[in-house]
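Asks: Please find the sequence and the predicted model below.
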Amino acid sequence: MTKNHYSILIAGILSASIAMSANAGTEWEIKVFDTHMSFFDINNSGQLLGYDSAIKRYLITGPDGEGISNITEFSNNLNVNAFNDSGQIAGSFLKDGSSHVFITGPNGTNMVDLGTLGKHGSASDINNSGQIIGQFTTPENNTHAFITGPNGIGMTDLGTFGGKNSYASAINESGQVVGWSQTADGIPHAFITGPNGIGMTDLGTLPYDNASQATDINDDAQVVGFSGSYTPTPDWGYVSTGAFITGPNGENMIPLGASYTDYPKINNSGQAIFDIEAGISLLYSDGVLTILTGLPIIREAGLIEINALGINDKGQILGFGYLKCCNPTSFLLTPISPVPEPSVYAMLLTGLGLLGLMAFRRNRLFKLTDY
């Protein structure tokens, strides 16, 4: 599950599935959706959570992106963020000038107000027990990460590494939480907690970096995120970042290469997706990097550039791209045959010059507030 919050208002199914060989021995299927549907989260059934700008409502699809299983009766003051495998949704809504966190029952029914620990609260992710993570505004106007118990009951402040702010990005089925927390000198560091949000451990950074953020976690507590050079300016700025993946329990941070502002995501097989440039997305699987943007099926579907937003345990990838010049479009990419041998992709990577591209990092200023 994932969480991040993209609202590129897109909708309705534009085309049926297209299946073709992507590379020696690999086949994929793609569904491309009409431009008034914007999908931003995917669960392990391939259900998609998104927004339909034509009817101005949030929606959930059926498995594998088929049909519409539920259109939520939510009003315009809601911020819907994530859902779990039963379709429980976590988000926030405005009430009496304050943002309250909410949870629903299965398939987005029966919204329950969970309140907030401070003036404003927001949700980032939800696991299959209904534990929600997010952040709230403290009386000092700082931001702290929180976790709830099952089905959203009770909120606990996760604290910080001695700084003012922390942010919770993702949660696994044990209730382990990852995100970032500021140190006493205002530098963000990636963290992982123990089960049910107990304890906060600093994951450190990649070599030569001073800052990091964790963006997703799987049930083995493998973590993905990005690390970079950070200057504590009023704009909270990163100058260059690199994606990383860890081993189980957040150990042994391994660089994946240059990353863009989008959040890396990971599934329970250890497959990770991340973007190295606007419109260039990669899949990391068993030590092999696949350039998703370069897959023949992406070009066959008419997409000229893509961004990957989420990956589930079936290896299905949710993303958005552009048709021709300027039409933003959500898509669901499904693997339907085994991934080819590493040697095949090694040749592909060499041919496209990706190895050279990965040697540098984006020289760009990022803000923590973008997340």
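Replies: Cool, the structure landed. Residues are numbered from 1 along each chain as shown.
Asks: Do a quick rundown of the strands in the stretch 101-250 of the chain.
Replies: Across the stretch 101-250 of the chain, reading from the start of the chain, the strands by DSSP state E, counting those that start in this stretch fall at 112-115, 121-126, 132-137, 143-148, 155-159, 162-171, 177-183, 188-193, 200-204, 211-217, 223-231, 237-245.
Asks: wait, I meant the stretch 251-371 of the chain
Replies: For the stretch 251-371 of the chain, the strands defined by DSSP E, counting those that start in this stretch occupy 254-258, 265-266, 272-277, 280-285, 288-291, 303-311, 317-323, 327-335, 365-367.
Asks: Would you agree Leu282 is in contact with Gln271?
Replies: No: proximity of Leu282 to Gln271 does not meet the contact threshold set by CB atoms under 8 Å, at 10.9 Å. C-beta: built from backbone N, CA, C; applies to glycine.
Asks: Output the longest strand belonging to the protein.
Replies: When the chain is parsed with DSSP state E, its longest strand is strand 26-42.
Asks: Which strands and helices lie in contact with the next helix or strand after that one?
Replies: Next along the chain after strand 26-42, taking DSSP states H and E as the criterion, comes strand 48-52. Secondary-structure packing of strand 48-52 (3 or more CB pairs under 8 Å, 6 or more residues apart in numbering; DSSP states H and E): strand 11-13, strand 26-42, strand 57-61, strand 78-83, strand 327-335.
Asks: Comparing the ones you listed, which comes out most buried?
Replies: Across the helices and strands packed on strand 48-52, averaging neighbours per residue (mean count of other CB atoms under 10 Å) puts strand 78-83 on top, at a mean of 24.
Asks: Quickly run through the sheet partners of it, with directions.
Replies: Sheet partners assigned to strand 78-83 using DSSP bridges are listed as strand 89-95 (antiparallel).
Asks: Pull out the buried positions in the partner strand.
Replies: Buried residues in strand 89-95, counting neighbours by 16 or more other CB atoms under 10 Å, are found at 89-93.
Asks: angle of that strand against strand 143-148?
Replies: If you take axes from the mean of the first three to the mean of the last three CA atoms, to 10 degrees, strand 89-95 sits at 120 degrees to strand 143-148.
Asks: Name the residues that touch strand 89-95?
Replies: Where contact means CB atoms under 8 Å, 6 or more residues apart in numbering, the residues beyond strand 89-95 that reach it are 49, 58, 60, 72, 74-75, 77-83, 99-104, 108, 111, 113, 120-126, 132, 134, 152.
Asks: and with 7 Å instead?
Replies: Strand 89-95 has contacts (CB atoms under 7 Å, 6 or more residues apart in numbering) with 49, 77-83, 99-104, 108, 121-123, 126, 132.
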